[in-house]
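Engineer: what's the 3D shape of this:
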Amino acid sequence: MGSVCTLTPDFVSQDSIKTLEALLGEARAGRKIGVAIVALEPGLRYSIYIAGECKRFPNLTRAGGLALDDYLSEMIRPHPAA
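Structural biologist: Numbers count the residues shown, from 1 in each chain. Okay, the predicted model is just below:
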């Protein structure tokens, strides 16, 4: 049985850079006060980063993580033909 996913070869993701820059701007303006990030790496690896209020309030961060899990589940769930 093979891998269930394959990550694309190394490249600079402009979408990821724009998203991180936008989040940084929001944080500098005080509109984002904590972050929890899963960063994908080459070789089917990932890193997890938690900072600010996400670290201070892990239960709230876990709730956000569950909402993310629901969102990702919807992305991969097969939908019946309309």
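Engineer: count of neighbours near Pro58?
Structural biologist: 12 (other CB atoms under 10 Å). From N, CA and C alone the C-beta is placed, and that goes for glycine too.
Engineer: what pLDDT does it get?
Structural biologist: For Pro58, the model assigns a pLDDT of 97.
Engineer: so what's it up against?
Structural biologist: With contact set as CB atoms under 8 Å, 6 or more residues apart in numbering, Pro58 has no partners.
Engineer: tell me which residues of stretch 66-82 come out buried.
Structural biologist: Judged by neighbour count (16 or more other CB atoms under 10 Å), stretch 66-82 contains no buried residues.
Engineer: average pLDDT across that stretch?
Structural biologist: 86.
Engineer: the chain should start at 45 in everything you say after this.
Structural biologist: I'll keep to 45 as the first residue from here, and by that count the last item is stretch 110-126.
Engineer: how about it as CSV, C-alpha atoms only?
Structural biologist: Only the C-alpha atoms of stretch 110-126 are listed here, as CSV (Å, rounded to 0.1, in the frame of the first residue of the first chain):
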residue,chain,number,x,y,z
LEU,A,110,-11.4,21.2,15.7
ALA,A,111,-13.1,23.8,13.5
LEU,A,112,-10.1,23.4,11.1
ASP,A,113,-10.5,19.7,11.2
ASP,A,114,-14.2,20.0,10.2
TYR,A,115,-13.2,22.4,7.4
LEU,A,116,-10.5,20.0,6.1
SER,A,117,-12.9,17.0,6.4
GLU,A,118,-15.4,18.8,4.1
MET,A,119,-12.6,19.4,1.6
ILE,A,120,-11.8,15.8,1.3
ARG,A,121,-15.2,14.2,1.7
PRO,A,122,-16.7,13.0,-1.6
HIS,A,123,-19.8,14.9,-2.5
PRO,A,124,-22.7,13.3,-4.4
ALA,A,125,-23.2,14.6,-7.9
ALA,A,126,-25.7,17.5,-8.0
